[in-house]
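Chemist: Could you work out the structure for the sequence below:
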Amino acid sequence: METAKKILSRVLLLSVLLVGMNYLYKAFFLEKDIQKYSDVINLVRAIPNDADIVYIGESSNITFRSDDLDKRPISAFIADHYPNLKVYDITKPASHAGIYKVLLENIPDSSNVSTVIVTLNLRSFNAQWIHSKLETALQKSLVLLKPNPPLYNRFLLSFKAYDIKSDKERDRQVQREWEKEEFDVPFDFQFSNVEEWDNYVAKEGVNNPDGSRNQELTELACHYIKGYAFQIDTVNNPRIKDFNRIIQLTKERGWNLVFNLLAENTERAKELVGDDLLYFIQGNRELLIGYYTHKGITVVDNVDDVENDLFVDQNWTTEHYAEKGRKTIAGNVADSLKKYYPDHYVDIDYKTFVQTVFFNDCDQRTIWGQMQTITDEEAYSGKSSSKTGKGNDYSITFEYPLKIIPDSLKNEISIHMKVYRNSLSDNGKLVIQAQGEHTDYYWNGFELKEQVRKANSWEDYHYTFSIPDNIKQADLIKIYVYNPSGENVFVDDFHIEFE
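Modeler: Numbering: from 1, shown residues only. Below you'll find the predicted structure:
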């Protein structure tokens, strides 16, 4: 009995000690560790509590083509259809449903979110993505965000208790699946697995019209085979399990759930490899739609809705689309949301739709030129601003074809922004530049110091620019801060409105 009491007292003492250590760690060290190892959480924290809809995905949401007039993400085009609702995105390149689930878990219970749109990327079910070399870093970034006591998560991180494998191990896993996963098709097919099919095409090659071998297209055809020649096993595929966990989470949180099945370049797949590869793509498409529709989930089918020339990457298998492609997908998703928000939907004809108000808070939800200037050294709102000076002469840059804006709204440009000057000796300017085939080149700079007279403080800057007649038909207008000095100037919350 005495021994039992001693053991019990020691257990209680240890429990109290662990609880106390957990409290101290959470109070004094957790946030520093999160910013060091799991700063992906900042994507979630950037979503305000009054958000109505959250779109979560990978680089397909934000990638654009250089000649796009409107470089906004898919999520922003969805928001165009629901102007009275607040739509935000969580975009983490190279991520997948397992990552989405943890990030969605971290949306606060106090949030007003009612609908979550989750990217359903067909390729994320294949061996290359499941065993990606990026997976170790992705899994490490999530450890501190799991719903466990913070100190316990820190121990897991310290002892590397997450999916950690070398690049060679990942390659072996992929190769093993390509060799051992046999095709199950209802027709005679000369190949039993990816390895055989890939080797055959690599050997035989894709030929030019004159019969000569085209090595570039041969390699691309092999990429398509390795990317799409698989059949989803709903029992064992880990991505199925990840999406099922998201379904369970949204039920617990009372959220509406929409799966956005992305477009694939089926036109290019058929051209390079043929109908046999399309069989695998369409088979997985039908399986996913049927599987999740049966579970009561809305699945938006975009697989065949984007043509080849709207895919940004023509020499690889990606879900990156030019402006028209992103708008097509957004329109399909927006249409599916009508059943949740029937009174809020607005039909938009992008052929006549003209945007006249633009805003960039430098937190990378909106893409302008010179995004490489984004820094977290200073920020007025959110986590970032645009840094100029010391060799970085140009801030984030607004670029737009002025000629497509109606003449009735080309009288003035109202420009507001927040400016932070490290000293009062810079020579930063707000610059308005215009050019075009049928217009004269225009450049004008306006001194920031005329309004921003304090150093080391965020100050308001506002300028109303009267648009000269000779540039109203300009092919391109640019608005940015120019600071060719040795002193830093930061810009945030850049707001531009044509009036």
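Chemist: OK, contacts around the residue nearest to Asn392 when sequence neighbours are not counted?
Modeler: Setting aside the residues directly before and after it, Asn392 is nearest to Thr373 in space (CB to CB, 6 or more residues apart in numbering), at 5.7 Å. C-beta here means a position set from N, CA and C on the backbone, and glycine is covered the same way. Contact analysis of Thr373 by CB atoms under 8 Å, 6 or more residues apart in numbering lists 386-388, 392, 394-396.
Chemist: Out of those, who's the most crowded?
Modeler: Ranked by neighbour count (other CB atoms under 10 Å), those have Ser395 at the top, with 33 neighbours.
Chemist: I'd like to know how far that one sits from Lys251.
Modeler: 45 Å (CB to CB, to the nearest Å).
Chemist: Over to Gly369?
Modeler: Gly369 is 42 Å from Lys251, by CB to CB.
Chemist: for Tyr463, same thing?
Modeler: The value you get for Tyr463 to Lys251, if CB to CB is used, is 50 Å.
Chemist: Pick out whichever of the two has more residues nearby.
Modeler: Tyr463 (16 against 11).
Chemist: Leaving out chain neighbours, which residue sits closest to the more buried one?
Modeler: Tyr463 sits nearest to Ile415 (CB to CB, 6+ apart), 4.9 Å away.
Chemist: In terms of helices and strands, where is the one you found?
Modeler: Assessed by DSSP states H and E, Ile415 sits inside strand 412-421.
Chemist: Can you list the buried residues in the helix or strand containing Phe490?
Modeler: Under the criterion of DSSP H and E, Phe490 resides in strand 489-498. Neighbour counts using 16 or more other CB atoms under 10 Å place 489-494, 496, 498 of strand 489-498 among the buried residues.
Chemist: Could you do stretch 141-159 as well?
Modeler: So stretch 141-159, judged by 16+ other CB under 10 Å, has buried residues 141-146, 149-151, 153-154, 157.
Chemist: Likewise for stretch 407-415?
Modeler: 410, 413, 415.
Chemist: ends of it, how far apart?
Modeler: 19 Å (CA to CA, to the nearest Å).
Chemist: contact partners of it?
Modeler: Here stretch 407-415 makes contact (CB under 8 Å, 6+ apart) with 354, 356, 402, 430, 432, 461-467, 472, 479, 494-499.
Chemist: which ones among the residues you listed are found in strands?
Modeler: Judged by DSSP state E, the contacts of stretch 407-415 include 430, 432, 461-466, 479, 494-498 as members of strands.
Chemist: Kindly reformat these as a markdown table containing pLDDT and distance to Thr91.
Modeler: Formatted as a markdown table, those follow (pLDDT from 0 to 100; distance: CB to CB, whole Å):
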| residue | pLDDT | distance to Thr91 |
| --- | --- | --- |
| Leu430 | 98 | 29 |
| Ile432 | 97 | 30 |
| Tyr461 | 97 | 29 |
| His462 | 97 | 31 |
| Tyr463 | 97 | 32 |
| Thr464 | 97 | 34 |
| Phe465 | 96 | 32 |
| Ser466 | 96 | 37 |
| Ile479 | 97 | 25 |
| Phe494 | 96 | 20 |
| His495 | 97 | 22 |
| Ile496 | 96 | 23 |
| Glu497 | 96 | 26 |
| Phe498 | 94 | 28 |
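Chemist: possible to save these as CSV with distance to Leu287?
Modeler: Output for the ones in strands among the contacts of stretch 407-415, formatted as CSV (distance: CB to CB, whole Å):
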residue, distance to Leu287
Leu430, 54
Ile432, 53
Tyr461, 55
His462, 55
Tyr463, 56
Thr464, 57
Phe465, 55
Ser466, 59
Ile479, 48
Phe494, 45
His495, 46
Ile496, 46
Glu497, 47
Phe498, 48
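Chemist: what's the most distant pair in those residues?
Modeler: Ser466 and Phe494 (19.7 Å; CB to CB).
Chemist: one step back: mind putting the buried residues of strand 489-498 into TSV with distance to Ser212?
Modeler: Listed next are these as TSV, based on distance: CB to CB, whole Å:
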residue	distance to Ser212
Val489	56
Phe490	55
Val491	53
Asp492	55
Asp493	56
Phe494	52
Ile496	52
Phe498	53
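Chemist: What's the separation between the most centrally placed residue in the chain and Val235?
Modeler: Centroid-nearest residue in the chain: Thr91, 3.0 Å away (criterion: CA atoms, centre = their mean). As for Thr91, its distance to Val235 is 31 Å (criterion: CB to CB).
Chemist: which ones are touching His344?
Modeler: With CB under 8 Å, 6+ apart, His344 has these contacts: 82-85.
Chemist: does Thr317 count as helix, strand or coil?
Modeler: For Thr317, the secondary structure call by DSSP: H, G, I helix; E, B strand; the rest coil comes out as coil.
Chemist: hmm, back to that, out of the contacts of Thr373, who's nearest Asp301?
Modeler: Checking those one by one against Asp301 (CB to CB), the nearest turns out to be Ile396, at 35.6 Å.
Chemist: so what's that closest one up against?
Modeler: Applying CB under 8 Å, 6+ apart, the residues near Ile396 are 360, 362, 368-371, 373-374, 386, 480, 491, 494.
Chemist: swap the cut-off to 6 Å and go again
Modeler: 368, 370, 373, 386 (CB atoms under 6 Å, 6 or more residues apart in numbering).
Chemist: Ok, Arg213 next?
Modeler: Counting by CB under 6 Å, 6+ apart, Arg213 touches 205, 207.
Chemist: One more pass at 8 Å, please.
Modeler: Per CB under 8 Å, 6+ apart, neighbours of Arg213: 205-207.
Chemist: again, but for Ala474
Modeler: 401-403, 434-436, 439, 442.
Chemist: Please list only the buried members of those.
Modeler: Of those, these count as buried by 16+ other CB under 10 Å: 402-403, 434-436, 439, 442.
Chemist: Tell me where the stretch 51-200 of the chain has helices.
Modeler: Under the criterion DSSP state H, counting those that start in this stretch, the stretch 51-200 of the chain carries helices at the ranges 74-80, 97-105, 127-130, 135-140, 150-158, 167-180, 194-204.
Chemist: So Val299, which state does it fall into?
Modeler: Val299 ends up strand, using three-state DSSP.
Chemist: I'd like to know which helix or strand in the protein has the lowest mean pLDDT.
Modeler: When each helix and strand of the chain is scored by mean pLDDT, DSSP states H and E, helix 2-28 comes last, with a mean of 75.
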